[in-house]
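Engineer: next comes the sequence, and after it the predicted model I'd like to discuss.
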Amino acid sequence: MTKKQLALEIIERLRTAYPDADCTLDYDHSEAWKLLVGVRLAAQCTDERVNIVVKDLYAKFPDVNALAEADPQEIEAIVRPCGLGKSKARDISACMRILRDEYHGEVPDDFDALLKLPGVGRKSANLIMGDVFGKPAIVTDTHCIRLVNRMGLVDGIKEPKKVEMALWKIIPPEEGSSFCHRLVYHGREICTARTAPYCDRCCLFDICKKRGV
């Protein structure tokens with residue numbers, strides 16, 4: 001089985017196992033800026049905690065303009081439970097000012113433009129492109145990197161950009177975003193970061209390169 005064939009089989013099995021998999025960060029699709037904020041806060045923090053913290057953040061700063069005008073210290077006081085509060089607050093403040101001043105409060109639908117926003121890297125930009133704009137995207141978070149190595153879709157590659165580039169070659173563009181969301185679900189429930197994942201309950205056991213390891 002080639003890697004492309006393996007990828008297609010994995011995609012179908014994960015689709016069956018997790019038919020409704022979606023982004024685990026809470027946001028309204030009509031307010032894409034909230035996903036920008038959420039994904040920045042999620043760095044070295046769980047999505048569950050971020051979803052709790054942003055409720056207070058949005059209650060005090062309900063739109064792009066409000067966050068753009070806020071003192072970064074006020075933002076930091078709220079987002080501190082997510083860790084790295086100072087740098088995250090600084091990036092969120094700067095990002096919202098750019099959205100306000102250069103994009104009329106809207107999130108740009110251009111990958112390169114997204115990368116120029118403070119605190120936005122390739123993972124975040126791909127998430128926005130796929131979830132908000134429905135464009136081809138591959139989000140190489142920790143679950144993705146761990147799982148695709150275990151499954152044999154990539155061979156010992158750990159650097160996010162290199163994993164992304166390798167997956168672009170074997171994952172159909174229209175499947176990338178959903179595939180990565182399903183990897184998150186599968187990585188949390190079955191193929192955990194533990195030494196011994198729950199291989200006995202895995203829908204991919206018979207085709208996984210490192211099953212039982």
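Structural biologist: In hand now; what should we look at?
Engineer: hey, let's count contacts and neighbours off CA atoms from now on
Structural biologist: Noted.
Engineer: Phe179 is in contact with Ile11, correct?
Structural biologist: Yes - in terms of Cα atoms under 8 Å, Ile11 counts as a neighbour of Phe179; the distance is 6.3 Å.
Engineer: show me which of these two is the more surrounded one.
Structural biologist: Phe179 (25 against 21; other Cα atoms under 10 Å).
Engineer: and the more buried one, what element?
Structural biologist: Take DSSP states H and E as the rule and Phe179 turns out to sit in helix 176-189.
Engineer: list the buried residues for that helix?
Structural biologist: Gly176, Ser177, Ser178, Phe179, Cys180, His181, Arg182, Leu183, Val184, Tyr185, His186, Gly187 (16 or more other Cα atoms under 10 Å).
Engineer: closest to Thr16 out of those?
Structural biologist: Arg182 (10.1 Å; Cα to Cα).
Engineer: nearest residue to that closest one other than its sequence neighbours?
Structural biologist: Nearest residue to Arg182, sequence neighbours excluded (Cα to Cα, 6 or more residues apart in numbering): Ala21, at 5.6 Å.
Engineer: and the gap between the one you found and Gly176?
Structural biologist: Noted for Ala21: a distance of 13 Å to Gly176, by Cα to Cα, to the nearest Å.
Engineer: just Gly130 next, same as before
Structural biologist: 8 Å.
Engineer: point out where the chain drops to low pLDDT.
Structural biologist: The chain contains residues with pLDDT under 70 at 195, 212-213.
Engineer: where exactly do the helices run in it?
Structural biologist: Ranges of helices in the chain, per DSSP state H, are 3-17, 33-41, 47-60, 64-69, 72-79, 85-102, 111-115, 122-131, 142-151, 160-168, 176-189.
Engineer: how many other residues sit next to the residue nearest to Gly85 when sequence neighbours are not counted?
Structural biologist: Of all residues not flanking Gly85 in the chain, Glu76 sits nearest, at 5.2 Å (Cα to Cα, 6+ apart). Here the number of neighbours of Glu76 (other Cα under 10 Å) works out to 22.
Engineer: wait, Glu76 touches Asp91, no?
Structural biologist: No - applying Cα under 8 Å, one finds Glu76 not in contact with Asp91, separated by 10.5 Å.
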